[in-house]
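J.: The sequence and its predicted three-dimensional model are supplied below.
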Protein chains: 2
Amino acid sequence: MCYELLRLLRERGDRVSGEALSRELGVSRVAVWKSVRELVAAGYDISATSRGYFLISSPDVLLPGEFPGWEDRVHYLEEVDSTMTVARDLARKGAEQGTLVTAERQTGGRGRLARVWFSPPGGIYMTLVTRPAVAAFMAPRINLLSAVAVASAVESLHGIPARVKWPNDVLVDGKKLCGILAEMEAETDAVRFVNVGVGLNANVRITDAFPDAVSLCHLLGHHVNRRLLAWEVVEGILRRLQCVQSADILDEWRRYAHTLGRRVSIATGDTTVEGLASDIDEFGALLVKRDDGSLATVVAGDCVHRTD
Amino acid sequence: MCYELLRLLRERGDRVSGEALSRELGVSRVAVWKSVRELVAAGYDISATSRGYFLISSPDVLLPGEFPGWEDRVHYLEEVDSTMTVARDLARKGAEQGTLVTAERQTGGRGRLARVWFSPPGGIYMTLVTRPAVAAFMAPRINLLSAVAVASAVESLHGIPARVKWPNDVLVDGKKLCGILAEMEAETDAVRFVNVGVGLNANVRITDAFPDAVSLCHLLGHHVNRRLLAWEVVEGILRRLQCVQSADILDEWRRYAHTLGRRVSIATGDTTVEGLASDIDEFGALLVKRDDGSLATVVAGDCVHRTD
């Protein structure tokens, strides 16, 4: 009910009487008042007078109410060890596609290759549960399309030319704006779920300790609306998932690619592949042309863009 | 200690004095006697006289002691809901490759596509934890090589020409002898574990209720040694895993293939692909030539061999 009331106040964009709200929501005026109190406690600024209620502002927090039509699927936690862990538990219990775990802070944020993901306040930390009807070998495409969804959202909302680094970072001017982590559980030939974790430096203060990172608020000189950006990213991932089998996914990644055409050095287990990143194959593996002309197909590893 | 004693008795194949055992194992004679008692309680037939101990016979149960050199990694359960569930919990807690869960009976055995796997006494029910250093899209190969490991073990130990049905059943004369189920957990680009479940009709009495199934004891007219067969299968899977990236894996599957060259009908989600099964691709997908000459690549589904 709380979120229906929020949606009504948003839609009107004007003061709405308690009586009208009570009628439209089909609940008592006391219930209306209770919901308003809940929203205020969560950080919403609502003016209440004898003439009714008016939504002055929403907190810039990834609360369920900020994902219109999606409220029941959003699990917001102020502080959590990692949204990946919570989302995994939910997915294992059968949570449907679109289930989203958001957090204000992560105490044990996880990055790729078992690394720590530093998660200071102001960032967007969320994990989206997806259940694509694909075989496990299609799953790497979900990394690619998620990175593209982030780059595309940053570009369209903020006019910043974001690019994707293979396999799934998002860069601006060669510096890291966002990391993606995907976690899959599958059986023989069917994916059970792929959880997509996003760690996006939205309003994060970047210190000298992280010279290779960048945040939107630094680039723009002002804070961004995290709610709008998070929702655009989630919608973008879900929309692209519908055509995960299509070659369009790969083409869009190529258009956003920062890695292609660059010299790369990729540590993969016990060897390092060096050469020119020439393309990705249909499974999202990176094709690297070595200096001796031979071609390497790299399916996983730590990619460094070289400037020499 | 219990298993070291068992190994010693096996190696000698003769009566060994308590004193000699005590010396070789570096424990007291009371400890030797305790171990003997444990083995007898588990079903081993050991003759104990004043001249020492002699191993008369081992029970045909998949006990840790029946996997020489592997004892610490074998978890035997007389009855379990599913060895898959136990192995999953172990793998999630970090169990190393080669960890094996065996059971005499399963009350909730699982088959592919969320089906029940009927698990009467006399069968081999086990799940092997593997941690191949491959990307997720290589994982389907583990299905293929596991099915081949079973077919090859059955053929070499019992002289029965077993064949593999795509994706991962083992057939004799077109009837199902064994099913394989693989369960994977992976992150972005690295497999965390792939658990391989084997349900093999070794000494199972096949009733009229299962006309499409067959068991080794029916085929041979006598019970088989489940311990030897299980060990041969486990060893065969682990050996093939070492070259999971090699094309040899696919070639060996092709040699054992029952499906190739046959007319098949495969239900995949909302459509059915019909035609001639012509080959598998490098990711283990089945290539089906339709009657109109077009080629379908089937990554997952329920395959029926047609006789029309």
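T.: Good, I have the coordinates. Residues are numbered from 1 along each chain as shown, chains lettered A, B, ... in the order given.
J.: What are the buried residues along whichever strand or helix holds A:Ala267?
T.: Taking DSSP states H and E as the criterion, A:Ala267 maps to strand A:263-268. Buried positions in strand A:263-268, judged by neighbour count with 16 or more other Cβ atoms under 10 Å in any protein chain shown: A:263-266, A:268. C-beta here means a position set from N, CA and C on the backbone, and glycine is covered the same way.
J.: Check pLDDT for these and point me to the minimum.
T.: Ranked by pLDDT, the buried residues of strand A:263-268 bottom out at A:Thr268 (77).
J.: pretty sure that residue is in contact with A:Val298, am I right?
T.: Yes - using Cβ atoms under 8 Å, A:Thr268 is in contact with A:Val298, at 6.0 Å.
J.: Quickly note the distance from A:Gln97 to chain B.
T.: Going from A:Gln97 to chain B by Cβ to the nearest Cβ, to the nearest Å gives 15 Å.
J.: wait, A:Glu155
T.: The spacing between A:Glu155 and chain B, counted by Cβ to the nearest Cβ, is 23 Å.
J.: Name the SS class of that residue, please.
T.: helix (DSSP: H, G, I helix; E, B strand; the rest coil).
J.: Same check on A:Ala103?
T.: Per three-state DSSP, the secondary structure class of A:Ala103 is strand.
J.: re earlier: filter the buried residues of strand A:263-268 by proximity to chain B?
T.: Subset of the buried residues of strand A:263-268 in contact with chain B: empty, counting by Cβ under 8 Å from any Cβ of the partner chain.
J.: Could you single out the nearest of the residues you listed to chain B?
T.: Checking those against chain B with Cβ to the nearest Cβ, the nearest one is A:Thr268 at 9.5 Å.
J.: Tell me who's in contact with the closest one.
T.: A:298-302 (Cβ atoms under 8 Å, 6 or more residues apart in numbering or on different chains).
J.: rerun that using 10 Å as the cut-off
T.: Going by Cβ atoms under 10 Å, 6 or more residues apart in numbering or on different chains, A:Thr268 touches A:296, A:298-303, B:133, B:135, B:189.
J.: Same check on A:Ala95?
T.: Applying Cβ under 10 Å, 6+ apart to A:Ala95 gives the contacts A:73, A:75, A:87-89, A:101, A:129, A:131, A:193, A:195.
J.: what does stretch A:32-40 rub up against?
T.: Where contact means Cβ under 10 Å, 6+ apart, the residues beyond stretch A:32-40 that reach it are A:1-6, A:8-9, A:16-25, A:27-28, A:44-46, A:48, A:52-53, A:55, A:58-59, A:63, A:65.
J.: Just the CA trace of that stretch, in CSV.
T.: Taking Å, rounded to 0.1, in the frame of the first residue of the first chain, the C-alpha atoms of stretch A:32-40 are listed here in CSV:
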residue,chain,number,x,y,z
VAL,A,32,-3.3,6.5,4.5
TRP,A,33,-1.7,8.4,7.4
LYS,A,34,0.3,5.3,8.4
SER,A,35,1.7,4.9,4.9
VAL,A,36,2.7,8.5,4.8
ARG,A,37,4.5,8.0,8.1
GLU,A,38,6.3,5.0,6.8
LEU,A,39,7.5,6.9,3.7
VAL,A,40,8.7,9.8,5.8
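J.: Next, the buried residues of that stretch.
T.: For stretch A:32-40, the buried set under the neighbour-count rule, 16+ other Cβ under 10 Å, comprises A:32, A:35-36, A:38-39.
J.: quick one on the thing from earlier: A:Glu274: which of the buried residues of strand A:263-268 is nearest?
T.: Distance to A:Glu274, by Cβ to Cβ, is smallest for A:Ser265 among these, at 4.8 Å.
J.: beta partners for the closest one?
T.: Beta bridges link A:Ser265 to A:Glu274, A:Val304 when assigned by DSSP bridges.
J.: For the stretch 51-200 of chain A, just list every one of the strands.
T.: Assigned strands in the stretch 51-200 of chain A, in chain order: A:52-57, A:74-80, A:100-106, A:124-130, A:163-165, A:169-172, A:175-187, A:190-200 (criterion: DSSP state E, counting those that start in this stretch).
J.: closest to chain B out of the ones you listed?
T.: Here strand A:175-187 is closest among the strands of the stretch 51-200 of chain A (Cβ to the nearest Cβ), at 4.7 Å.
J.: Centre of the chain to the strand or helix carrying A:Val30, how far?
T.: In the assignment (DSSP H and E), A:Val30 maps to helix A:29-42. With Cα atoms, centre = their mean, to the nearest Å as the basis, helix A:29-42 stands 30 Å off its chain's centre.
J.: cool, stretch A:268-281 as well?
T.: Chain-centre distance of stretch A:268-281: 27 Å, with Cα atoms, centre = their mean.
J.: Among the contacts of A:Ala95, name the buried ones.
T.: A:73, A:75, A:87-88, A:101, A:129, A:131, A:193, A:195.
J.: ok, and of those residues, which contact chain B?
T.: Near chain B, taking Cβ under 10 Å from any Cβ of the partner chain as the test, the members of the buried ones among the contacts of A:Ala95 found are A:88, A:195.
J.: could the buried ones among the contacts of A:Ala95 be laid out in JSON lines, adding pLDDT?
T.: As requested, the buried ones among the contacts of A:Ala95 are exported to JSON lines (pLDDT from 0 to 100):
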{"residue": "A:Arg73", "pLDDT": "92"}
{"residue": "A:His75", "pLDDT": "94"}
{"residue": "A:Ala87", "pLDDT": "97"}
{"residue": "A:Arg88", "pLDDT": "96"}
{"residue": "A:Val101", "pLDDT": "97"}
{"residue": "A:Val129", "pLDDT": "97"}
{"residue": "A:Arg131", "pLDDT": "94"}
{"residue": "A:Phe193", "pLDDT": "95"}
{"residue": "A:Asn195", "pLDDT": "97"}
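J.: Show me the shaky parts of chain A.
T.: Along chain A, segments meeting pLDDT under 70 span A:1, A:112-114, A:188, A:308.
J.: center of it, which residue is that?
T.: Centrality entry for chain A: nearest residue to the mean C-alpha point is A:Val198, 4.0 Å, by Cα atoms, centre = their mean.
J.: Hmm, A:Gln106 and it touching each other?
T.: No - using Cβ atoms under 10 Å, A:Val198 is not in contact with A:Gln106, being 11.6 Å away.
J.: Excluding covalently adjacent residues, which one is nearest to A:Glu104?
T.: Sequence neighbours aside, A:Glu78 is the residue nearest to A:Glu104 in space, at 4.9 Å (criterion: Cβ to Cβ, 6 or more residues apart in numbering or on different chains).
J.: okay, now that neighbour: neighbour count?
T.: Using other Cβ atoms under 10 Å in any protein chain shown, A:Glu78 has 9 neighbouring residues.
J.: Show me what residue of the stretch 1-150 of chain A gets nearest to chain B.
T.: Closest point on the stretch 1-150 of chain A to chain B, by Cβ to the nearest Cβ, is A:Phe137, at 3.3 Å.
J.: Might one say that that residue is in contact with B:Phe137?
T.: Yes - with contact defined as Cβ under 10 Å, A:Phe137 counts as touching B:Phe137 (3.3 Å).
J.: Now do the shared contacts for these two.
T.: Residues touching both A:Phe137 and B:Phe137 by Cβ under 10 Å, 6+ apart: A:283-284, B:283-284.
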